[in-house]
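> Structure of the sequence below:
(2 chains)
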Amino acid sequence: DVKVTQSSRYLVKRTGEKVFLECVQDMDHENMFWYRQDPGLGLRLIYFSYDVKMKEKGDIPEGYSVSREKKERFSLILESASTNQTSMYLCASRAGGSGNTIYFGEGSWLTVV
Amino acid sequence: RKEVEQDPGPFNVPEGATVAFNCTYSNSASQSFFWYRQDCRKEPKLLMSVYSSGNEDGRFTAQLNRASQYISLLIRDSKLSDSATYLCVVFTGTASKLTFGTGTRLQVTL
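The predicted model follows:
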């Protein structure tokens, strides 16, 4: 079974703090993703990565950055957290190819106060 | 128009009922289609892929209509445990892009 692990499940941070969300996958997938999910808005793509050290902006990259130094690890960074970044963050991974499914981590619930 | 659209529901059905959801997509170049299930405050999990010829997994049947650009999910003999949000996912190969619908909520009641 594919395992996508998000190490921080519940976080409370103050406005202006730097926040790191870590994600590790164990299936040697090329593609990794960070989404946020908010009620009524569904899943929105923040950043994705096709390979080590490669990153692409998704639909809502503002206020976020990412790092992929190793194939299995994809980190999301909030340089200066703001209250509108309070959300559930989902990491996902997927093998290359059109028919391959995407696998999600359990989610990180971030509250910025 | 949204790339992937779903009726948000909720669909409230009694146990044992048959219920169907549709999902429309706008990009005719879309290649792969999936249904995911998401329980409250949990991550989405793959329910089934959708094949051109249609496919069935127990009580669940998925179909693809390329001409009208929609996919469907049929659930027969609904169980209480089917209560969840069902997400439609579309992969467009030209942009290597996965697009999610906002989900359809199903509530199965006694």
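
> And what about residue A:53, helix, strand or coil?
Applying DSSP: H, G, I helix; E, B strand; the rest coil to residue A:53 yields a three-state assignment of coil.

> neighbours around it, how many?
10 (other CB atoms under 10 Å in any protein chain shown). To be clear about C-beta, it is placed using only N, CA and C from the backbone, and glycine gets the same treatment.

> Kindly provide the distance from the closest residue to it other than its chain neighbours to residue B:18.
The shortest distance from residue A:53 to any non-neighbouring residue, by CB to CB, 6 or more residues apart in numbering or on different chains, is to residue A:68 (6.2 Å). As judged by CB to CB, to the nearest Å, residue A:68 and residue B:18 stand 44 Å apart.

> Just want to know which of these two has more residues nearby.
More neighbours surround residue A:68 than the other of residue A:68 and residue B:18, with 20 against 12 (other CB under 10 Å).

> Could you check which helix or strand contains that one?
strand A:64-70 (DSSP states H and E).

> counting contacts, what elements does that strand pack onto?
Judged by 3 or more CB pairs under 8 Å, 6 or more residues apart in numbering or on different chains; DSSP states H and E, strand A:64-70 is in contact with strand A:31-38, strand A:42-49, strand A:73-78.

> Could you pull up the mean pLDDT of that strand?
Taken as a whole, strand A:64-70 has an average pLDDT of 97.

> Next: stretch A:75-94.
97.

> tell me which residues in that stretch are buried?
The neighbour-count check on stretch A:75-94 (16 or more other CB atoms under 10 Å in any protein chain shown) flags A:75-76, A:78, A:81, A:85-94 as buried.

> before we move on, back to that, test my guess that the residue nearest to residue A:53 contacts residue A:50.
No: using CB atoms under 8 Å, residue A:68 is not in contact with residue A:50; the gap is 9.3 Å.

> before we move on, the earlier item: if you compare the helices and strands packed on strand A:64-70, which one is most tucked away?
Counting by mean count of other CB atoms under 10 Å in any protein chain shown, strand A:31-38 has the highest mean neighbour count of these, with a mean of 23.

> quick one: contacts of the worst-scoring helix or strand of chain B on mean pLDDT?
Across the helices and strands of chain B, mean confidence by mean pLDDT, DSSP states H and E is lowest for strand B:97-100: a mean of 85. Outside of strand B:97-100, the residues within contact range by CB atoms under 8 Å, 6 or more residues apart in numbering or on different chains are A:33, A:42-43, A:45, A:94, A:102, B:3-4, B:25, B:36, B:87-92.

> ok, now with 10 Å
For strand B:97-100, the external contacting residues (CB atoms under 10 Å, 6 or more residues apart in numbering or on different chains) are A:31, A:33, A:35, A:37, A:42-45, A:48, A:58-59, A:92, A:94, A:101-102, B:2-4, B:6, B:25-27, B:30, B:32, B:34, B:36, B:38, B:44, B:87-92.

> The residue of chain B at minimum distance from chain A and residue A:30, how far apart?
Minimum separation of chain B from chain A (CB to the nearest CB) falls at residue B:102, amounting to 3.5 Å. Counting by CB to CB, the separation of residue B:102 from residue A:30 is 27 Å.

> any idea what residue A:84 is structurally, helix, strand or coil?
Per three-state DSSP, residue A:84 ends up helix.
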